[in-house]
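S.K.: I would like the atomic coordinates for the input below:
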Amino acid sequence: MSRLRPSVFVGLIVAFAPRPVSPSPASAAAAPAKPFDELVREADAARLAGRLDEAAAVYKAALKQRPGWPDGWWYLGTMAYDRDRPRECVAAFKSLLALKPDVTAAWALRGLCAFQLGEYEAARGHLAKALSAGPLPDESMGRVVVYHRALLAIRAGEFEGAILPLTQLLQTQERTPQLADACGLVLLRRALVPSEIPPADRAEVRDVGEAYCAHLARRADEAQRLFVELIARHPQQRYLHYGYGMALAQQGNAASLEQFQREIELFPDDLLARVELAFGLVARGRASEALPPAEKAVALAPRLFVTRLALGRALVETGDVEKGIEQLELAEQLEPGSIETHWALASAYARAGRAADAGRARETASRLEATRRAREGASPKEP
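M.R.: Below you'll find the predicted structure:
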């Protein structure tokens, strides 16, 4: 992803910067030879001329006189970011945010610099604050933040949480090597950031990522072709048959079931393919066949909502509505924000004659869908 240039953001602080005030008589005698206003003019001129080291030194001198000056911390932070000096960047934005905690761009850049330092938990918190505080002032910044949030989810082992941000980026831009690396880590379930990929694995992760990126971008033909090529070269590589099955399922191709079954044959402890196999069988009216993979998925991961969802749907479709509702309600408890679970509950309650419960489940599902549409509509475009 491209780096952000500080020149994009130079006007953001002007609106909240305090006006210069004259020093009191008591402090005038101890003031430096150059007044604050003169230091500011020199620093601004050096910054605009691209003499960033000189500008930083003069801004620091000005901040010694007036540490509560937000513009100075902003310029120090953006210049440090631009010059790949993440520790200076973090320190400057920490000082700025102590003065102005509602500056979303400062939270974003502080998080990106913390990421560069390998301070991943801190970076995650800062970027979350940037996204929750309101729209970022620049689309390019928004795209970089979304990408790094995905990387942080991957490194934390929260692979499903990385899929939506990567999908948002890939459906509005061409695939890049950086995105391919992230996609490869997601599909291969490797809790790393790209810089941590062992050199011997880089080509494999990149190749797998190219195929999975095509799937997330809804380029189904390309995704299927790439997965076929990968499986031909690595017929027993874990997750490739699962990924190929997902690409086939995206087009409603029943051959996806064979790929999920092949993944399970190769890796009997597989969870993901069992869940997708169960969903695929239910969708094709073969709910009784969906019960064994769904039950095994629950045994493998009883605290994962999607396993309960798969089993609940299979039970309802085989006529065991009450037991199905029990599983779906467990899924709702584990993940209250799952739209699919609420729609499944609405259908199951209706079958059980529980009209009021069905209505509440439909209302919840509709509300969650509206929230998701609004969030996706506000997401960065054309990364």
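S.K.: and the lowest mean pLDDT element among the helices and strands of this structure?
M.R.: Sorted by mean pLDDT, DSSP states H and E, the helices and strands of the chain end with helix 25-28, the least confident at a mean of 42.
S.K.: what is the neighbour count of T167?
M.R.: By the measure other CB atoms under 10 Å, the count of residues near T167 is 18. Bear in mind the C-beta positions are built from the backbone N, C-alpha and C, glycine included.
S.K.: err, I264, not the other one
M.R.: Residues lying near I264 (other CB under 10 Å) number 20.
S.K.: I'd like to know which elements the host helix or strand of it is packed against.
M.R.: Take DSSP states H and E as the rule and I264 turns out to sit in helix 256-266. Judged by 3 or more CB pairs under 8 Å, 6 or more residues apart in numbering; DSSP states H and E, the packing partners of helix 256-266 are helix 240-250, helix 272-283.
S.K.: quick one, phi psi at A255?
M.R.: Dihedral pair for A255: phi -60, psi -10, per degrees, to the nearest 10.
S.K.: shaky segments in the chain?
M.R.: Scanning the chain for pLDDT under 70 picks out the ranges 1-33, 375-383.
S.K.: okay, buried residues for stretch 84-94 please.
M.R.: Judged by neighbour count (16 or more other CB atoms under 10 Å), stretch 84-94 contains these buried residues: 85-86, 88-93.
S.K.: follow-up on the earlier one: what's the next secondary structure element after the least confident helix or strand of the chain?
M.R.: Sequence order places helix 36-48 as the next helix or strand after helix 25-28, per DSSP H and E.
S.K.: for V208, what are its contacts?
M.R.: Each residue near V208 by CB atoms under 8 Å, 6 or more residues apart in numbering is listed here: 183-184, 187-188, 230, 237, 239-240, 243.
S.K.: in JSON lines, list the residues you listed along with distance to I163 and neighbour count.
M.R.: Output for those, formatted as JSON lines (distance: CB to CB, whole Å; neighbours: other CB atoms under 10 Å):
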{"residue": "C183", "distance to I163": "9", "neighbour count": "31"}
{"residue": "G184", "distance to I163": "13", "neighbour count": "27"}
{"residue": "L187", "distance to I163": "10", "neighbour count": "24"}
{"residue": "L188", "distance to I163": "14", "neighbour count": "21"}
{"residue": "L230", "distance to I163": "19", "neighbour count": "21"}
{"residue": "Q237", "distance to I163": "20", "neighbour count": "15"}
{"residue": "Y239", "distance to I163": "14", "neighbour count": "21"}
{"residue": "L240", "distance to I163": "17", "neighbour count": "25"}
{"residue": "G243", "distance to I163": "12", "neighbour count": "27"}
